[in-house]
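Participant: make a model of this:
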Amino acid sequence: MNLKQSVEQKVKASKSASRVLSKASTETKNRALLYMASAIKTKANLIIKANKKDILKAKKLSKAMIDRLTLDKKRINEMADSICAVAKLKDPCGVIDKMWKRRNGLVIGKLRIPIGVIGIIYESRPNVTSDCASLCIKSGNAVILKGGKESINSNLAIYKLLREGLKKAKVPEDSIQMIDSIDRKAVSYLLKLDEYIDLIIPRGGESLIKMVAKESSIPVIKHYKGVCHTYVDCDADLNKALKIVVNAKTQRPGVCNAMETLLVDKKIAKEFLAKAVKKLISLGVEIRGCEKTKKLVKGIKKAKESDWYEEFLDLILSVKIVDNIDDAIVHITKYGSSHSDAIVTEDYDKSLKFLKEVDSTCVYSNASTRFTDGYQFGFGAEIGISTDKIHARGPMALDELTIYKYIIFGNGQVRK
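Facilitator: Below you'll find the predicted structure:
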């Protein structure tokens with residue numbers, strides 16, 4: 001069997017499984033999730049063994065990217081806990097959003113149902129495998145996973161354990177499928193199977209997402225890059241600001257919600273940057289500053305125009321001194337990616353202005369952008385962070401994995 005036939009066979013099997021899964025009870029789906037979590041936790045050694053193979057091959061990647069790729073006992077337990085958290089969430093399937101009665105007596109309602117078959121194309125982070133699978137199972141969707149070559153061994157190990165859980169719960173194993181080829185043609189084949197797949201979700205680098213959006217004959221929800229900003233206002237509590245800035249950049253720099261650009265009001269730039277840059281450099285951060293920043297802080301690199309658009313995913317930070325909040329918003333509007341942006345200020349009116357005028361999926365006042373995460377939002381896990389302006393925006397979880405249909409109750413009515 002060639003690659004094209006192999007991909008199509010898995011997709012067809014997924015479609016068949018989706019018809020069964022869509023009718024499964026909440027109890028059945030939750031039981032499957034708990035068995036999946038148990039398999040992950042009790043056989044963590046198999047995942048760690050597979051992950052070590054990926055790490056050995058990843059020596060040329062940055063430290064931040066290797067961190068994204070690495071799994072240890074703690075992270076694997078967190079994966080299992082996340083699946084359990086999804087099991088505890090309310091099932092959106094079968095929920096009637098609203099009902100109304102027409103003058104002719106017809107009663108019309110909007111009923112939540114699964115989307116069907118969802119293809120997810122992603123890079124690097126192997127925990128995405130379990131997060132996406134758990135959310136899809138809970139929302140009644142079959143899922144086809146296509147991870148990156150960097151994490152192929154880890155992904156396959158997790159995938160096999162998840163299917164063990166489905167089998168034990170007597171849920172069709174083909175509800176979770178994985179394209180195990182690292183050949184890029186596999187993605188091209190997948191993107192043309194619109195007869196079987198209802199939605200494609202790419203999450204990864206800019207080039208991957210653009211390629212998927214261009215080639216797909218299936219609807220796509222894009223999870224675009226995170227060029228995240230933090231603006232420190234002249235009315236900020238500078239101790240609070242320092243804590244937020246350090247966390248947003250260094251807590252885990254290789255993820256999409258990490259801060260990539262720091263904007264500082266000119267009125268407090270000298271005082272704040274003296275402390276902030278010193279602290280950031282001590283933590284290994286490379287600073288690339290605008291002309292004004294370079295005059296205040298010696299020994300840093302000059303930021304290029306391209307740096308303001310860059311998602312570094314590393315311990316690199318662009319820093320710009322701005323005139324005021326309006327100047328900061330103009331910068332974010334031009335260079336940002338509509339992902340996550342924050343203001344640090346004690347001025348309530350400025351806080352509201354920033355929250356209203358910055359057109360990003362998540363906008364923060366006095367908090368780190370690192371909270372843009374389905375788990376942190378109470379969603380159990382996430383499929384990713386949608387930067388599209390459609391029904392799914394921001395952390396995408398159970399509700400966003402359902403669609404609705406209209407149900408109409410009549411008593412013999414006919415249209416005149």
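Participant: my guess is Cys362 meets Arg370, correct?
Facilitator: No. Shown here, Cys362 and Arg370 do not form a contact pair, counting by Cβ atoms under 8 Å, at 10.7 Å. Where you see a C-beta, it was placed from the backbone N, CA and C, and this is true even at glycine.
Participant: what do these two both touch?
Facilitator: Listed as contacting both Cys362 and Arg370 by Cβ atoms under 8 Å, 6 or more residues apart in numbering are Asn257.
Participant: hey, where'd the helices end up in the stretch 201-350 of the chain?
Facilitator: Using DSSP state H, counting those that start in this stretch, the helices of the stretch 201-350 of the chain run over 206-215, 238-250, 269-282, 291-296, 325-335, 348-357.
Participant: center of the chain, which residue is that?
Facilitator: Geometric centre of the chain, nearest residue: Gly384, 2.0 Å, by Cα atoms, centre = their mean.
Participant: which residues are in contact with that one?
Facilitator: When contacts are counted by Cβ under 8 Å, 6+ apart, Gly384 touches Tyr122, Val128, Ile201, Arg203, His223, Pro395, Met396.
Participant: contact partners for the third one?
Facilitator: Meaning Ile201. Ile201 touches Ile118, Gly119, Ile120, Ile121, Val220, Ile221, His223, Ile383, Gly384, Met396, counting by Cβ under 8 Å, 6+ apart.
Participant: could you redo the last one with a cut-off of 7 Å?
Facilitator: When contacts are counted by Cβ atoms under 7 Å, 6 or more residues apart in numbering, Ile201 touches Ile118, Ile120, Ile221, His223, Ile383, Gly384.
Participant: quick check: the farthest pair among the residues you listed?
Facilitator: Ile118 and His223 (12.7 Å; Cβ to Cβ).
Participant: first-to-last residue distance for stretch 217-234?
Facilitator: Counting by Cα to Cα, to the nearest Å, you get 49 Å between the two ends of stretch 217-234.
Participant: quick check: buried residues in it?
Facilitator: The neighbour-count check on stretch 217-234 (16 or more other Cβ atoms under 10 Å) flags 218, 220-234 as buried.
Participant: these in strands, which ones?
Facilitator: Secondary structure defined by DSSP state E assigns Cys228, His229, Thr230, Tyr231, Val232 of the buried residues of stretch 217-234 to strands.
Participant: tell me the domain boundaries of this structure?
Facilitator: The chain breaks down by automatic domain parsing into domains covering 3-223+383-409, 228-371.
Participant: what about the last one, how long is it end to end?
Facilitator: The reference is to domain 228-371. End-to-end distance for domain 228-371, by Cα to Cα: 12 Å.
Participant: report all helices and strands that the top helix by length along the chain contacts.
Facilitator: Longest helix in the chain, counting residues (DSSP state H): helix 3-21. Other elements packing on helix 3-21 under the criterion 3 or more Cβ pairs under 7 Å, 6 or more residues apart in numbering; DSSP states H and E are strand 117-122, strand 142-146, strand 176-178, helix 185-190.
Participant: and the contacts of the third one?
Facilitator: Just to be clear, that refers to strand 176-178. Contacts of strand 176-178 (Cβ under 7 Å, 6+ apart): 10, 13-14, 133, 143-145, 155-156, 159, 162-163, 166.
Participant: ok, which pair from those is furthest apart?
Facilitator: Ala13 and Asn155 (18.3 Å).
Participant: out of these two, which sits in the more crowded spot?
Facilitator: For Ala13 versus Asn155, the count of surrounding residues by other Cβ atoms under 10 Å is larger for Asn155: 29 against 18.
Participant: pull out the buried positions in stretch 385-402.
Facilitator: Neighbour-count burial for stretch 385-402, counted by 16+ other Cβ under 10 Å, picks out 385-387, 392-398, 400-402.
Participant: how about those residues in JSON lines, adding pLDDT and secondary structure?
Facilitator: Shown next, in JSON lines, are the buried residues of stretch 385-402 (pLDDT from 0 to 100; DSSP: H, G, I helix; E, B strand; the rest coil):
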{"residue": "Ile385", "pLDDT": "89", "secondary structure": "strand"}
{"residue": "Ser386", "pLDDT": "90", "secondary structure": "strand"}
{"residue": "Thr387", "pLDDT": "86", "secondary structure": "coil"}
{"residue": "Ala392", "pLDDT": "84", "secondary structure": "coil"}
{"residue": "Arg393", "pLDDT": "89", "secondary structure": "coil"}
{"residue": "Gly394", "pLDDT": "90", "secondary structure": "strand"}
{"residue": "Pro395", "pLDDT": "90", "secondary structure": "strand"}
{"residue": "Met396", "pLDDT": "90", "secondary structure": "strand"}
{"residue": "Ala397", "pLDDT": "91", "secondary structure": "coil"}
{"residue": "Leu398", "pLDDT": "94", "secondary structure": "coil"}
{"residue": "Glu400", "pLDDT": "93", "secondary structure": "helix"}
{"residue": "Leu401", "pLDDT": "95", "secondary structure": "helix"}
{"residue": "Thr402", "pLDDT": "96", "secondary structure": "strand"}
